[in-house]
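Trainee: A predicted structure for the sequence below; I have some questions about it.
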Amino acid sequence: MTSARVGRREFLRSGGCVIAGYALRPAAIFAAPSFDLVVRGGLVLDGTGLHVCPGFIDIHSHSDADILLYPTADSRVRQGITTELTGNCGGSAAPLGGAGAEEDRRSYQERGIEATWTGVGSYYDLLDKTSVSINQALLVGQGTIRTNAIGNVDRRLTADELAAVIRAVEEAMDEGAFGLSTGLEYTPGRYTPTEEIVAMARVAGRRGGLYGSHIRNEEAALLEAIDEAIAIGRLSGARVQISHLKASGRANWSKQQGALDLIASARRDGVAVLADAYPYTAYSTGLTILLSAAAREGGTADLMTRLKDTAWRERMRREVEDQMARELGDYALIVIAQVKTPANQGLVGRNIKEIATAWGVEPVDAVLRLIEQEEGSVSIIGHGMSPENVELVLRHPLVMVGSDGSAMAPVGRAAQARPHPRSYGAFARVLAHYVRDRRVIDLPQAVRKMTSMPADQIGLSDRGRIARGKKADLVAFDPARVKDEATFEQPHQYATGIPHVIVNGVAVVERGRHTGAKPGRALRRL
């Protein structure tokens with residue numbers, strides 16, 4: 001932390017915001033006994049006792065649809081996030097068309113979103129028209145593009161189909177996407193051979209873009225999956241971002257150091273690979289992740305048909321049991337976070353073993369029954385990582401912070417769920433638990449992992465640092481009081497100790513309250 005007094009009439013100008021009386025080195029944390037933040041319109045915010053740093057950049061977000069439901073992004077901006085990179089894990093809101101469009105539009109409509117966009121450009125236009133409180137940047141999803149081309153089917157692309165998906169990536173990049181993402185543990189990522197991903201990632205690489213990957217396995221085959229991501233980066237020339245790095249399942253905890261060593265070795269060999277992680281010992285995903293790729297082929301209707309077939313249901317039963325035994329462990333570690341039907345709303349917050357006991361069935365049968373009753377739309381929280389490994393990963397110099405969460409507020413559809421607390425608290429938790437309380441990393445290192453480091457990795461040259469000519473995205477926080485209030489039992493709680501958040505020179509959080517301002521922008525790769 002450094003600051004330097006330069007005189008009463010001198011100011012640091014940063015795109016509409018000034019910090020009176022001090023000059024800062026780029027990317028520094030600003031701390032002084034007393035100072036003022038002066039924002040657009042002449043508003044003066046008292047900075048006494050606070051630290052100021054660049055606005056936090058969430059390199060792994062899933063807000064691309066949710067920001068349309070919650071444009072004030074309360075869960076994000078209240079923890080200091082001013083920019084999100086969305087479209088992760090192979091699924092992006094855009095492009096929307098082709099074979100996958102009908103089911104996607106229906107799914108959006110069920111959530112209250114009128115999906116009027118088609119490509120990345122029209123999606124960005126809608127964001128600007130809607131007005132949002134924080135900046136939005138987008139990766140284009142490989143799964144989205146592949147499903148648009150041929151549907152959710154398990155086969156290789158023909159030469160013509162491969163050419164078409166490559167053109168789709170080119171169009172998305174030309175319209176402002178920052179790169180390509182994959183979700184290789186999901187479908188259709190599970191069906192996609194490595195060479196097909198390389199061909200798509202080359203488009204991002206040639207344009208200076210990012211390849212972000214939810215790798216093929218985060219459990220028993222973790223090291224092999226990281227090897228694949230590194231190979232894709234080496235062959236495509238794209239920067240690689242390994243998403244939410246973890247070793248999940250007690251039997252796999254010993255693989256965590258090896259995973260970090262692979263990344264460090266590849267980096268030394270010239271592959272531009274980094275990773276992100278969230279500061280929790282639990283993940284969140286859909287309950288259908290327990291099903292095999294074959295069971296999930298096609299759309300929701302195909303899955304429902306298979307569940308009604310005796311032979312298929314018995315096969316799924318065996319596959320789920322095998323998955324739990326090999327990788328994930330106890331059914332009690334899987335907690336229901338969200339369901340679609342009112343009939344099962346009472347199951348939110350209960351684990352699979354409890355639900356099975358209440359229903360008088362085996363846990364595996366409770367899993368299949370839930371998937372069937374909810375037509376595949378069941379969100380879960382899985383308690384799968386060790387505290388020691390979370391600290392090991394967050395401490396590593398090649399790992400930055402990403403929430404894997406999304407924009408929400410304790411109203412509407414989100415209020416009926418019990419989401420992972422990372423949507424509300426990830427960045428505040430790093431500052432509170434891992435910097436102040438546990439001293440796993442120091443404050444300047446933590447801020448770098450949340451600001452300049454993701455800005456460089458994404459390619460946001462005008463954000464992530466406090467310097468002349470940079471955009472005025474700033475966070476003022478109290479290092480002694482900042483705290484993530486969201487818990488697994490009560491996740492809809494805003495972080496505290498972050499009184500001021502400024503986006504593009506406008507105060508969005510002022511004295512701990514959301515101002516209602518929506519100065520965020522759809523960021524387009526130049």
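Mentor: Received the coordinates, thanks.
Trainee: Domains of this protein: list them as residue ranges, please.
Mentor: 54-281+384-484+494-514, 292-383 (automatic domain parsing).
Trainee: Straight-line length of the first one, end to end?
Mentor: Which is domain 54-281+384-484+494-514. Its start and end residues considered, domain 54-281+384-484+494-514 measures 18 Å (C-alpha to C-alpha, to the nearest Å).
Trainee: do the last one as well
Mentor: Across its full length, domain 292-383 reaches 21 Å end to end, with C-alpha to C-alpha as the criterion.
Trainee: What count of nearby residues applies to V411?
Mentor: Number of residues near V411 (other C-beta atoms under 10 Å) recorded here: 11. In this view, the C-beta of every residue, glycine as well, is placed from N, C-alpha and C.
Trainee: any idea how far it lies from H492?
Mentor: To H492, V411 is 9 Å away according to C-beta to C-beta, to the nearest Å.
Trainee: for P71, same thing?
Mentor: P71 sits 18 Å away from H492, going by C-beta to C-beta.
Trainee: what do you get for L157?
Mentor: Taken as C-beta to C-beta, the span from L157 to H492 is 42 Å.
Trainee: Tell me the predicted confidence for the nearest residue to F178 once chain neighbours are set aside.
Mentor: Spatially, and ignoring its direct neighbours in sequence, F178 is nearest to R525 (4.8 Å; C-beta to C-beta, 6 or more residues apart in numbering). Note on R525: pLDDT of 94.
Trainee: Please name the residues that touch R525.
Mentor: If you count contacts by C-beta atoms under 8 Å, 6 or more residues apart in numbering, R525 has them with A137, M173, G176, A177, F178, R207, G209, G459.
Trainee: Pipe those into CSV and attach neighbour count and distance to I371 per row.
Mentor: Shown next, in CSV, are the contacts of R525 (neighbours: other C-beta atoms under 10 Å; distance: C-beta to C-beta, whole Å):
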residue, neighbour count, distance to I371
A137, 29, 33
M173, 21, 36
G176, 19, 37
A177, 32, 32
F178, 27, 34
R207, 17, 39
G209, 26, 36
G459, 18, 39
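Trainee: Show me the two of these that sit farthest apart.
Mentor: Farthest apart among the contacts of R525 by C-beta to C-beta are A137 and R207. That separation is 14.3 Å.
Trainee: Hmm, G119 and L138 touching each other?
Mentor: No: using C-beta atoms under 8 Å, L138 makes no contact with G119, being 11.0 Å away.
Trainee: shared neighbours, these two?
Mentor: A94.
Trainee: out of these two, which sits in the more crowded spot?
Mentor: L138 (30 against 20).
Trainee: For the more buried one, which non-adjacent residue is spatially closest?
Mentor: Nearest residue to L138, sequence neighbours excluded (C-beta to C-beta, 6+ apart): G87, at 4.5 Å.
Trainee: Help me confirm that K353 is found in a helix?
Mentor: Yes: counting by DSSP: H, G, I helix; E, B strand; the rest coil, one finds K353 located in a helix.
Trainee: quick one: it and D330 touch, right?
Mentor: Yes: under the criterion of C-beta under 8 Å, K353 makes contact with D330 at 7.2 Å.
Trainee: More neighbours: those two, which one.
Mentor: Using other C-beta under 10 Å, the more surrounded residue of K353 and D330 is K353, with 16 against 13.
Trainee: and the gap between that one and S377?
Mentor: 21 Å.
Trainee: just L303 next, same as before
Mentor: Applying C-beta to C-beta to L303 and S377 gives a distance of 11 Å.
Trainee: Between those two, which is the more surrounded one?
Mentor: L303 (21 against 18).
Trainee: if you skip the residues just before and after it, what's nearest to the more buried one?
Mentor: Nearest one to L303, counting by C-beta to C-beta, 6+ apart, is G376 at 5.7 Å.
Trainee: Determine the number of other residues adjacent to the one you found.
Mentor: 20.
Trainee: Settle this for me: it is touching D302, isn't it.
Mentor: No: with contact defined as C-beta under 8 Å, G376 does not count as touching D302 (10.3 Å).
Trainee: Quick one: the strands in the stretch 51-200 of the chain, in order.
Mentor: Under the criterion DSSP state E, counting those that start in this stretch, the stretch 51-200 of the chain contains strands at 51-54, 56-58, 81-86, 135-138, 140-141, 179-183.
Trainee: so what's Y108 up against?
Mentor: Taking C-beta under 8 Å, 6+ apart, one finds A65, E114, A115 in contact with Y108.
Trainee: V367: what's its closest spatial neighbour, skipping adjacent residues?
Mentor: What sits nearest to V367 in space, not counting adjacent residues and going by C-beta to C-beta, 6+ apart, is V320, at 5.7 Å.
Trainee: list the contacts for the one you found?
Mentor: Counting by C-beta under 8 Å, 6+ apart, V320 has contacts L290, L291, V364, V367, L368.
Trainee: Narrow those to those in helices?
Mentor: V364, V367, L368 (DSSP state H).
Trainee: pLDDT and distance to I381 for the contacts of R525 - can I get that in TSV?
Mentor: Putting the contacts of R525 into TSV (pLDDT from 0 to 100; distance: C-beta to C-beta, whole Å) gives the following:
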residue	pLDDT	distance to I381
A137	98	27
M173	98	34
G176	98	33
A177	98	30
F178	98	29
R207	95	36
G209	97	32
G459	97	32
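Trainee: Closest one of the residues you listed to E195?
Mentor: For those, the nearest to E195 is G209 (19.0 Å; C-beta to C-beta).
Trainee: quick one: the closest one and V399, what's the gap?
Mentor: Distance from G209 to V399, by C-beta to C-beta: 21 Å.
Trainee: Any idea how far apart the tips of stretch 433-452 sit?
Mentor: End-to-end distance (C-alpha to C-alpha), stretch 433-452: 21 Å.
Trainee: So for that stretch, mean pLDDT?
Mentor: The average pLDDT within stretch 433-452 is 97.
Trainee: which of the residues in it are buried?
Mentor: 433-436, 440-441, 443, 446-452 (16 or more other C-beta atoms under 10 Å).
Trainee: From the chain's centroid, how far away is that stretch?
Mentor: 19 Å (C-alpha atoms, centre = their mean, to the nearest Å).
Trainee: do stretch 328-339 as well
Mentor: Computed by C-alpha atoms, centre = their mean, the chain-centroid distance of stretch 328-339 equals 20 Å.
Trainee: Among the ones in helices among the contacts of V320, which one is most surrounded by other residues?
Mentor: Going by other C-beta under 10 Å, V367 tops those with 28 neighbours.
Trainee: what sits against that residue?
Mentor: Applying C-beta under 8 Å, 6+ apart, we find V367 in contact with L287, L290, V320, Y331, I352.
Trainee: Count the neighbours of the closest residue to G143 other than its chain neighbours for me.
Mentor: Nearest residue to G143, sequence neighbours excluded (C-beta to C-beta, 6+ apart): G90, at 3.5 Å. Under the neighbour criterion other C-beta under 10 Å, G90 is assigned a count of 31.
Trainee: Please report how far G90 lies from A238.
Mentor: Using C-beta to C-beta, one obtains 15 Å as the distance from G90 to A238.
Trainee: same thing with R448?
Mentor: Distance from R448 to A238, by C-beta to C-beta: 23 Å.
Trainee: Same question for L223.
Mentor: For L223 relative to A238 (C-beta to C-beta), the value is 21 Å.
Trainee: quick one on the thing from earlier: out of the ones in helices among the contacts of V320, which is nearest to R315?
Mentor: L368 (10.9 Å).
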